[in-house]
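>>> Turn this into a model:
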Amino acid sequence: MTNDLEPLTPFDAVEMYLSHREPELSEKSLHNHRYRLDVFLEFCEERGIENLNNLTGRDLHRFRTWRSKQDITTMTLRTNLATLRVFLEFCASIDGVEQGIREKVVLPEVDKEEQAKDVKLETGRAEKILEHLNRFEYASRDHVVMAILWHTGMRLGTLRALDVDDVDLDTPCLRVRHRPETGTPLKNRTAAERVIALGEGYARILGDYIEHNRIPSEDSHGREPLISSKQGRLAESSIRMTVYKWTRPCMVGECPHDEDPKTCDYMLVRQASECPSSHSPHGIRRGALTRMLRQGTPEEVVGDRSNVSRDVLEQHYDRRTERERMELRRDLLEDI
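So this is what the prediction gives:
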């Protein structure tokens, strides 16, 4: 313990920190920080910690263990601890805790595969991403990838299998075909073949992309891929990387993990998938299908559009609450 520290109660420290962050955080983010730090204050009160000068790495370990036992997800625990680290960094800057103590807050690893069953891209975030792309990267390849995946709820492999000739801008629609002999099989083979209707706005984006921004190229079978690169058809890994890149929250808003985008390792495109809040293409699919269901689209229509059976739809994609289902049934009955 150094002699340069000045006594600081946990409550005073939190109030000073929130006042310091208020000019730069949104009202919602400030509220979230207060909530997370209120949990830390509760812990300090229980443990009799009245002066942060005396805070040790062992105290922080005990807090992590105490918080993890409160029936929360690993993601919630990680977010709580990330906020605590930023808070302690501020406290160190005002001589309230030892320098470097933030590094003693160990963040848990988040297994993206473990969480995949319940993780989906929320409608609000999807709309912000598309609004940003529409404004700053209109009709780019990234714009088309994100827009079509969200609008149709199709699988990554289906998007990659599309050719320029599969786009009908007059109708407008997309023709999905199983073509294993030329390198683009579909997961459910010929049963996955279908025609997907496009909204006018999405058709306009596609048309402008094809006319102005698509890289002219053919694949090894002489086909003209819709999602193209200089080498031909864009690889699945590259499409997946695009999705991880744009679903990082800091691309269109604030980082929920209190990282600085200027120094965060996840801002490197090849490490975007490691960001705890980024999403895979399947996360977009799950979010898109949930959105359609919440809007009252019949399950058979959602299933036909996205090529998924009703049983699988209900088991793996339908994230509506029982109350949401009840309200939709009420609306349908009122219309009869």
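
>>> what about the closest residue to Cys250 other than its chain neighbours, distance to Thr83?
Closest residue in space to Cys250, ignoring its immediate chain neighbours: Pro261 at 4.8 Å, by C-beta to C-beta, 6 or more residues apart in numbering. Bear in mind the C-beta positions are built from the backbone N, C-alpha and C, glycine included. Distance, Pro261 to Thr83, using C-beta to C-beta, to the nearest Å: 16 Å.

>>> Which residue of these two possesses the greater neighbour count?
Thr83 (23 against 12; other C-beta atoms under 10 Å).

>>> so where is the stretch 201-336 of the chain shaky, pLDDT-wise?
316, 319-321, 325, 328-336 (pLDDT under 70).

>>> Now do the helices in the protein.
Assigned by DSSP state H, the chain shows helices spanning 10-21, 27-47, 57-68, 74-93, 112-115, 123-136, 141-152, 156-161, 200-208, 236-246, 281-294, 299-306, 310-312, 322-335.

>>> Of the ones you listed, which is nearest Asp4?
Nearest to Asp4 among those is helix 74-93 (10.8 Å), distances taken as C-beta to C-beta.

>>> quick one: the closest one to helix 57-68, angle?
Interaxial angle, helix 74-93 versus helix 57-68 (axes from the mean of the first three to the mean of the last three C-alpha atoms, to 10 degrees): 150 degrees.

>>> just checking, Ser273 touches Val243?
No - in this structure Ser273 lies outside contact range of Val243 using C-beta atoms under 8 Å: 9.0 Å.

>>> what do the two both touch?
When C-beta atoms under 8 Å, 6 or more residues apart in numbering defines a contact, the residues bordering Ser273 and Val243 alike are Ser280.

>>> Compare those two and say which is more crowded by neighbours.
Shown here are Ser273 and Val243; by other C-beta under 10 Å, Val243 has more neighbours (24 against 18).

>>> what's the burial count for the closest residue to the more buried one other than its chain neighbours?
Nearest residue to Val243 in three dimensions, chain neighbours excluded: Pro281, at 4.9 Å (C-beta to C-beta, 6+ apart). The number of residues packed near Pro281 is 24, by other C-beta under 10 Å.

>>> same check, this time on Lys28
The number of residues near Lys28, taken as other C-beta under 10 Å, comes to 9.

>>> For it, give its distance to Pro256.
With C-beta to C-beta as the criterion, Lys28 and Pro256 are 11 Å apart.

>>> which residues touch Glu324?
Applying C-beta under 8 Å, 6+ apart to Glu324 gives the contacts Arg294.

>>> mind saving the C-alpha coords of stretch 279-291 as PDB?
Presented in PDB, the C-alpha positions along stretch 279-291 are these (Å, rounded to 0.1, in the frame of the first residue of the first chain):
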ATOM      1  CA  HIS A 279     -22.800 -12.000 -33.900                       C
ATOM      2  CA  SER A 280     -22.400 -14.800 -36.400                       C
ATOM      3  CA  PRO A 281     -24.600 -15.100 -39.500                       C
ATOM      4  CA  HIS A 282     -26.700 -17.500 -37.600                       C
ATOM      5  CA  GLY A 283     -27.300 -14.900 -35.000                       C
ATOM      6  CA  ILE A 284     -28.700 -12.600 -37.800                       C
ATOM      7  CA  ARG A 285     -30.900 -15.500 -39.000                       C
ATOM      8  CA  ARG A 286     -32.300 -16.100 -35.600                       C
ATOM      9  CA  GLY A 287     -33.000 -12.400 -35.000                       C
ATOM     10  CA  ALA A 288     -34.600 -12.000 -38.500                       C
ATOM     11  CA  LEU A 289     -36.900 -15.000 -38.000                       C
ATOM     12  CA  THR A 290     -37.900 -13.800 -34.500                       C
ATOM     13  CA  ARG A 291     -38.700 -10.300 -35.900                       C
END
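
>>> doesn't His282 make contact with Arg240?
No - assessed by C-beta under 8 Å, Arg240 is found out of contact with His282, at 9.6 Å.

>>> Who has more neighbours out of those two?
Between Arg240 and His282, counted using other C-beta under 10 Å, the more crowded position is His282 (20 against 17).

>>> roughly how far apart are the more buried one and Asp265?
From His282 over to Asp265 (counting by C-beta to C-beta), the distance is 24 Å.

>>> Ok, Thr190 next?
On the measure of C-beta to C-beta, Thr190 and Asp265 end up 44 Å apart.

>>> Same check on Cys275?
9 Å.

>>> Can you check which residues contact both of Arg240 and His282?
Common neighbours of Arg240 and His282 (C-beta under 8 Å, 6+ apart) are Leu156.

>>> of Cys275 and Asp265, who's got more company?
Cys275 (24 against 10).

>>> Next, the contact list for that one, please.
Tyr244, Arg248, Tyr266.

>>> still on that earlier bit, any chance of the helices of the chain in JSON lines, with distance to Asp168 too?
Shown next, in JSON lines, are the helices of the chain (distance: least, C-beta to C-beta, whole Å):
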{"stretch": "helix 10-21", "distance to Asp168": "51"}
{"stretch": "helix 27-47", "distance to Asp168": "42"}
{"stretch": "helix 57-68", "distance to Asp168": "53"}
{"stretch": "helix 74-93", "distance to Asp168": "41"}
{"stretch": "helix 112-115", "distance to Asp168": "36"}
{"stretch": "helix 123-136", "distance to Asp168": "22"}
{"stretch": "helix 141-152", "distance to Asp168": "14"}
{"stretch": "helix 156-161", "distance to Asp168": "16"}
{"stretch": "helix 200-208", "distance to Asp168": "9"}
{"stretch": "helix 236-246", "distance to Asp168": "22"}
{"stretch": "helix 281-294", "distance to Asp168": "21"}
{"stretch": "helix 299-306", "distance to Asp168": "16"}
{"stretch": "helix 310-312", "distance to Asp168": "28"}
{"stretch": "helix 322-335", "distance to Asp168": "32"}
